[in-house]
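1. give me coordinates for this.
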Amino acid sequence: MTRECIQQLLIKREMNQQLISKETEQTLLGGLINNIDLNILTRLEASDFYTTAHQEVFLAMVELQKEGKQIDIPSLLKGTITTGLLVDLSDRGCTTSARRQHLEKIKELSQRRKVVSLCDDIKDRAIAGDEDLFSKLTKGTLDVTEKSSTQRLASELSASMIEHLEAPAESLIKTGYSSLDQGIGGFAKGQYTLIAGRPSQGKSAFCENIVEKIAKDHHVYYVSAESSEREFSSRMIGRLSGVGHNKLGQGGLSIDESLRVNSAIDEMSKWKLTFEDNPSITSSQIFMQAQKLKLQGRLDIVFVDYLQILGDKRDQNEYLRIGDISRTLKTMARTLNVPVVVACQLNRQSEARAENVPSLSDLRDSGQLEQDADMVLGLWTPEFEGNLQLDKRNIRILKNRHGSLATIPFHFVGRLVMFTLTTEAVAKEIFK
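-> A predicted model of the protein is given here:
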């Protein structure tokens, strides 16, 4: 064995020692003998303990607890667990008040060991040229973070709820449309929202309209798998200037129109907007980019346009593929604690329904979408006497875990690809 290999082994051994505390494991397990605490027991997994013997003792405790039996030295004697081990643990046991501190240390060290293991695995895959490297990295990261953060003590849940209730309304990101905000409050941290509609109903345009209203004050990450940066900018500038994107592309602007366009460009340059126009981007890649922006302090909300055309693997059943994408985007919202707003397609069933009114069952390709979403906004063009009213759009709040359900009427200005509310008088009556 070369000197270099020996040095690497020594470094790895020293690093591993920093991720292990047998004394803490012994002290906590000893404190649970004859004095079990369900809050502690349910927050741990056998894999959180480094020592195999400690894992076996913990599993024995869990089994006895499920059977409703006393957890003491005689009842724990099974398999390879010895009396000497249990007596030693019992002698080292901590007091009830110190359990929480030992629990947190064990969980932290376990988390760090899992991160090191994940890094080693990713390094080996990268060297081997694994084509699915980034998906494995994201999934591994999710597995580690989810297991470390999903369980909470009752006291923690109470404190979290109090914090939520005391949070000011300003913590919500308003859409800028008063009628809609009256019903949904705004986009909340960790919330997963779907904006659903049939093709050509204005899903992308509605997302862009909201971005236009919030990007001055909030860091927006906008991902488009459909529109290029040039198309997106053209619509935005055409809307802000009132000139319209079609005329921008044709040229021949008047002096007044040129001044308005320049003013719009100047205004847009001040936005806190990160735009990505990658037609093959995957949900895992979006998650990774969002994590980077979050670490840089440049992420308050994410928009994705649109779900069904993301570049995630298409070699599996479409129903499963869409479900996997949805779970990744929802996890991103929860993990990064930011609102995630996603445009998605409705199936054709809504077109056969009276007045084209959509429902939750119209969400295309996967029931997972309905299950995952915290909020769903359905978008459609209303009819009058059998004719589509192309200058109008309706938005129905189809699902809202934290607010009202209602239909909100909008004007749609096709030349500017712009949504405007009908009248404030109507808006005030909607949620009475």
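2. what count of nearby residues applies to E67?
-> Using other Cβ atoms under 10 Å, E67 is surrounded by 9 other residues. Bear in mind the C-beta positions are built from the backbone N, C-alpha and C, glycine included.
3. any low-confidence regions in this protein?
-> By pLDDT under 70, the weakly predicted segments of the chain are 1-17, 131-132, 134-170, 315-316, 350-355, 364-366, 384-387, 423-432.
4. where along the stretch 151-300 of the chain do the helices fall?
-> Assigned by DSSP state H, counting those that start in this stretch, the stretch 151-300 of the chain shows helices spanning 154-166, 178-184, 203-214, 229-241, 245-250, 255-268, 283-295.
5. so for the last one, what gets flagged as buried?
-> The reference is to helix 283-295. Residues of helix 283-295 classed as buried by neighbour count (16 or more other Cβ atoms under 10 Å): 283-287, 289-291, 293-294.
6. coming back round to it: ranking the helices of the stretch 151-300 of the chain by burial, who's on top?
-> Ranked by average neighbour count under the criterion mean count of other Cβ atoms under 10 Å, the helices of the stretch 151-300 of the chain are headed by helix 203-214 at a mean of 22.
7. contacts for stretch 327-336?
-> Residues from elsewhere that reach stretch 327-336 (Cβ atoms under 8 Å, 6 or more residues apart in numbering): 138, 142, 145-146, 190-192, 283-284, 286-287, 290-291, 294, 299, 302, 304, 307, 339-340, 342, 368, 372-373.
8. let's see that with 6 Å instead.
-> 142, 145, 190, 192, 283, 287, 290, 294, 340, 342, 372 (Cβ atoms under 6 Å, 6 or more residues apart in numbering).
9. looking at those, which is nearest D91?
-> When the contacts of stretch 327-336 are compared for distance to D91 (Cβ to Cβ), T145 comes out closest, at 36.3 Å.
10. would you mind writing the CA trace of stretch 56-66 as CSV?
-> The C-alpha trace of stretch 56-66 is given here as CSV (Å, rounded to 0.1, in the frame of the first residue of the first chain):
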residue,chain,number,x,y,z
GLU,A,56,-30.1,-3.8,18.2
VAL,A,57,-31.0,-2.4,21.6
PHE,A,58,-33.0,0.4,20.0
LEU,A,59,-34.9,-2.0,17.7
ALA,A,60,-35.7,-4.2,20.8
MET,A,61,-37.0,-1.2,22.6
VAL,A,62,-39.3,-0.3,19.6
GLU,A,63,-40.6,-3.9,19.4
LEU,A,64,-41.4,-4.0,23.2
GLN,A,65,-43.1,-0.6,23.0
LYS,A,66,-45.3,-1.8,20.1
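11. now tell me what touches that stretch from outside.
-> Here stretch 56-66 has contacts from 29, 46, 49, 71, 75-76, 81, using Cβ under 6 Å, 6+ apart.
12. repeat that for 8 Å
-> With Cβ under 8 Å, 6+ apart, stretch 56-66 has contacts from 29, 32, 36, 38, 41, 44, 46, 49, 70-71, 75-76, 78-81, 85-86, 89.
13. need the buried ones from these selected in PyMOL.
-> Of these, the buried ones can be selected in PyMOL as follows, counting by 16+ other Cβ under 10 Å:
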select buried, resi 29+32+44+49+71+75+76+81+85+86+89
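14. need the contacts of stretch 327-336 in a markdown table (columns: distance to Y222).
-> Formatted as a markdown table, those follow (distance: Cβ to Cβ, whole Å):
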| residue | distance to Y222 |
| --- | --- |
| L142 | 23 |
| T145 | 24 |
| G190 | 19 |
| Y192 | 16 |
| S283 | 15 |
| F287 | 15 |
| A290 | 11 |
| K294 | 15 |
| V340 | 12 |
| V342 | 11 |
| D372 | 21 |
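15. from those, pick the one nearest N394.
-> Lowest distance from N394 to those (Cβ to Cβ) belongs to V342, with 19.9 Å.
16. quick one: that closest one is in a strand?
-> Yes: counting by DSSP: H, G, I helix; E, B strand; the rest coil, V342 is part of a strand.
17. find the nearest non-adjacent residue to it, please.
-> Spatial nearest neighbour of V342, excluding adjacent residues (Cβ to Cβ, 6 or more residues apart in numbering): V304 at 4.5 Å.
18. what's the neighbour count on the one you found?
-> When neighbours are defined as other Cβ under 10 Å, V304 has 27 of them.
19. mind checking which helix or strand it is in?
-> If you go by DSSP states H and E, V304 is part of strand 301-305.
20. which ones are touching the residue nearest to V342?
-> Applying Cβ under 8 Å, 6+ apart to V304 gives the contacts 223, 225, 286, 310, 329, 340-343.
21. returning to that earlier point: do you know which of the helices of the stretch 151-300 of the chain lies nearest R396?
-> helix 178-184 (10.3 Å).
22. against which helices or strands is that closest one packed?
-> The helices and strands touching helix 178-184, judged by 3 or more Cβ pairs under 8 Å, 6 or more residues apart in numbering; DSSP states H and E, are strand 392-400, strand 407-413, helix 424-430.
23. ok, the first one: who's next to it in the sheet?
-> Applying DSSP bridges to the sheet, strand 392-400 is found paired with strand 375-380 (antiparallel), strand 407-413 (antiparallel).
24. could you dump those to JSON lines with mean neighbour count?
-> Shown next, in JSON lines, are the strands paired with strand 392-400 (neighbours: other Cβ atoms under 10 Å):
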{"stretch": "strand 375-380", "mean neighbour count": "24"}
{"stretch": "strand 407-413", "mean neighbour count": "18"}
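25. and this structure, what are its domain boundaries?
-> Following automatic domain parsing, one finds the domains of the chain at 3-151, 171-430.
26. looking at those domains, which is buried most?
-> Taking mean count of other Cβ under 10 Å, domain 171-430 is the most buried of these, at a mean of 18.
27. roughly how far out does that domain sit from the chain middle?
-> Centroid separation for domain 171-430 versus its chain: 16 Å, with Cα atoms, centre = their mean, to the nearest Å.
28. ends of stretch 349-367, how far apart?
-> Stretch 349-367 has an end-to-end distance of 15 Å (criterion: Cα to Cα, to the nearest Å).
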